[in-house]
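[1] my questions are about this predicted structure, shown below with the sequence.
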Amino acid sequence: MHTAALKQNLLRNLSNLPGWRTRRHIVVIESDDWGSIRMASHESFRRLRDVGLPVERSHYNRFDGLESDDDLAFLMETLAEFRDSTGRPPVITGVNVVANPDFDRIREEGFAAYRYEPYTRTLQRYPAHAHVEALWHEAADRRLIVPAFHGREHLNAARWMRALRGGNRSTLLAFECGVTGIPRRGIGGEEVPNFQAAFDLDTTADLADQQEVLRSGLALFEQLHGRRARYFVPTNGYFNGSLEKTLADEGIRYVNTSKVHEEPLGEGRYRNRYRYIGMRNELGQRYLTRNCFFEPSSMEHPASKDWVNDCLHEIETAFRWHKPATVSSHRVNYIGWLDPANRERSLARLRELLAGILRRWPDAEFMTSDELGDLIAGK
């Protein structure tokens, strides 16, 4: 084994040491970004590429978009093919946003204020998405894809509006294409801020806006999904700890975190907070962490990367230290309305992964993040 691989293996083992333990072989699959726009259309992709934005270098820009009827139906069909030791199918915690920018109103009002719309209204403008809302309800009822809260929208609205008003050329062009998530290096090398990190802080004055984003987003989540959210995964991970009180007041009991959480403090300042699975904060909320990764559509790793066997090895490491295996697997892997081949490749790999889990650990149990949180909390 090469030195880099040895180091990675050592860190993987060490990172699984602290925190809550169980001898049960629990597998949680968390999938972020559902409900968000990302790439609005083939036309938008071509237009952004042709003016010099390197959208073709990002799998999120190439493949990801608002989930279609087929995207949800094929994913549900794949999950339903398997049964775990409890007799239930694998389940994905679908970490979703509930709104997107209302581009028309923002434009009509001359960028004077940020406006948003429920993702269900966004769906109405898309060509193959008539049944997405109904499919989400069916997937949750069948315990195949169960929603959790990612934020109101996958967008730092305050930062985005400042860039639009400030005349950032790349951001303005993307706006005209109905897109917010673009590369950080824009047209002619122009710097583009990170708009995807909804809870990053440019200034502490933005905290009041972020509190409102959480409250309105969680209310909309309950309205759309017919259930209160109890688990929160901040978009791109950044999140100021003072917002946990807002979350607690709104019913969030479990919060996703990196094991080394980079907390934004505003004015370009950050501090590291060290956390582990099951750790409680002063409000009684529990932190949940991820320790396995399955991203077969990724372009950020060598094409030769074996996502199935690498993920199985990560699951094995988690079980060795009596930890649940929590797999990160973003929506982009399962989206095919922009490129059906992307969905087909990833679903084939997902079948291999699920079959491999059940073959190696016949007593495996698939849980949602909420269910794992309840188990850790002793509920």
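    Okay, I see it.
[2] against residue 354, how distant is residue 282?
    38 Å (CB to CB, to the nearest Å). (Each C-beta comes from the backbone N, C-alpha and C, glycine too.)
[3] likewise residue 207?
    When distance is defined by CB to CB, residue 207 is 41 Å away from residue 354.
[4] quick one: which of these two has more around it?
    Between residue 207 and residue 354, counting by other CB atoms under 10 Å, residue 354 is the more crowded of the two (22 against 17).
[5] so what's the residue count around the nearest residue to the more buried one once chain neighbours are set aside?
    Distances taken as CB to CB, 6 or more residues apart in numbering put residue 82 closest to residue 354, at 5.0 Å, once the chain neighbours are dropped. Using other CB under 10 Å, residue 82 has 16 neighbouring residues.
[6] cool, the one 5 residues further on as well?
    Using other CB under 10 Å, the number of residues around residue 87 comes to 6.
[7] and for residue 268?
    9.
[8] residue 10 now?
    By other CB under 10 Å, 10 other residues sit near residue 10.
[9] check the one 10 residues further on too.
    Burial measure for residue 20: 19 neighbouring residues, criterion other CB under 10 Å.
[10] just confirm it is within a helix.
    No. According to DSSP: H, G, I helix; E, B strand; the rest coil, residue 20 belongs to no helix; its state is coil.
[11] am I right that it is in contact with residue 376?
    Yes. If you go by CB atoms under 8 Å, residue 20 and residue 376 touch, sitting 5.0 Å apart.
[12] now do the shared contacts for these two.
    277-278 (CB atoms under 8 Å, 6 or more residues apart in numbering).
[13] dump the residue contacts of residue 78.
    Residue 78 is in contact with 347, 350-351, 354, counting by CB under 8 Å, 6+ apart.
[14] out of those residues, grab the one that's most surrounded.
    Most crowded among the contacts of residue 78, counting by other CB under 10 Å, is residue 350 at 25 neighbours.
[15] list the contacts for that residue?
    Taking CB under 8 Å, 6+ apart, we find residue 350 in contact with 78, 294, 296, 329, 333-334.
[16] tell me which helix or strand residue 32 sits in.
    According to DSSP states H and E, residue 32 maps onto strand 26-34.
[17] run the chain-centre distance for the helix or strand that comes right after that strand.
    Downstream of strand 26-34, the next assigned helix or strand under DSSP H and E is helix 42-50. The chain centroid and the centroid of helix 42-50 are separated by 24 Å under CA atoms, centre = their mean, to the nearest Å.
[18] report the buried residues of helix 42-50.
    Under the neighbour-count criterion of 16 or more other CB atoms under 10 Å, helix 42-50 has 44-45, 47-48 buried.
[19] which among the contacts of residue 350 end up buried?
    For the contacts of residue 350, buried by 16+ other CB under 10 Å: 78, 294, 296, 329, 333-334.
[20] which of these lies closest to residue 226?
    residue 334 (23.0 Å; CB to CB).
[21] tell me the pLDDT of that closest one.
    Note on residue 334: pLDDT of 98.
[22] repeat for the one 3 residues further on
    What the model reports for residue 337 is a pLDDT of 96.
[23] please report phi then psi for the residue nearest to it when sequence neighbours are not counted.
    Distances taken as CB to CB, 6+ apart place residue 68 nearest to residue 337, at 3.9 Å, with adjacent residues excluded. Main-chain torsions, residue 68, degrees, to the nearest 10: phi -100, psi 170.
[24] and if you look at residue 77?
    phi -60, psi -40.
[25] what about it, neighbour count?
    11.
[26] list the buried ones in the helix or strand of the chain with the lowest mean pLDDT?
    Between all helices and strands in the chain, the lowest mean by mean pLDDT, DSSP states H and E belongs to helix 3-15, at a mean of 81. Neighbour-count burial for helix 3-15, with 16+ other CB under 10 Å as criterion, is recorded at 12, 15.
[27] and for that helix, what are the contacting residues?
    1, 259, 291, 314, 317, 320-321.
[28] wait, what's in contact with residue 48?
    Residue 48 touches 55, 61, 173-174, 177, 179, 182, counting by CB under 8 Å, 6+ apart.
[29] out of the residues you listed, which is most surrounded?
    Going by other CB under 10 Å, residue 174 tops these with 29 neighbours.
[30] element containing that one, please.
    If you go by DSSP H and E, residue 174 is part of helix 169-176.
[31] return the distance of residue 116 relative to residue 148.
    Residue 116 is 20 Å from residue 148, by CB to CB.
[32] next one: residue 356
    Taking CB to CB, one finds residue 356 at 25 Å from residue 148.
[33] compare the two (neighbour count), which wins?
    A count of neighbours by other CB under 10 Å puts residue 148 above the other of residue 356 and residue 148, at 25 against 15.
[34] count of neighbours near the nearest residue to that one once chain neighbours are set aside?
    Counting by CB to CB, 6+ apart, residue 148 lies nearest to residue 231, which is 4.3 Å off, once chain neighbours are set aside. Using other CB under 10 Å, residue 231 is surrounded by 25 other residues.
[35] quick one: contacts for the nearest residue to residue 174 once chain neighbours are set aside?
    Using CB to CB, 6+ apart and skipping residues adjacent in sequence, the residue nearest residue 174 is residue 182, 4.8 Å away. Going by CB under 8 Å, 6+ apart, residue 182 touches 48, 53, 55, 61, 170-171, 174, 192, 195.
[36] nearest to residue 248, of the buried residues of helix 42-50?
    Nearest to residue 248 among the buried residues of helix 42-50, with distances taken as CB to CB, is residue 44, at 38.7 Å.
[37] so the nearest residue in space to the closest one that is not next to it in sequence versus residue 53, what's the distance?
    Leaving aside its sequence neighbours, residue 44 sits nearest to residue 177 (CB to CB, 6+ apart; 3.9 Å). The gap separating residue 177 from residue 53 is 10 Å, by CB to CB.
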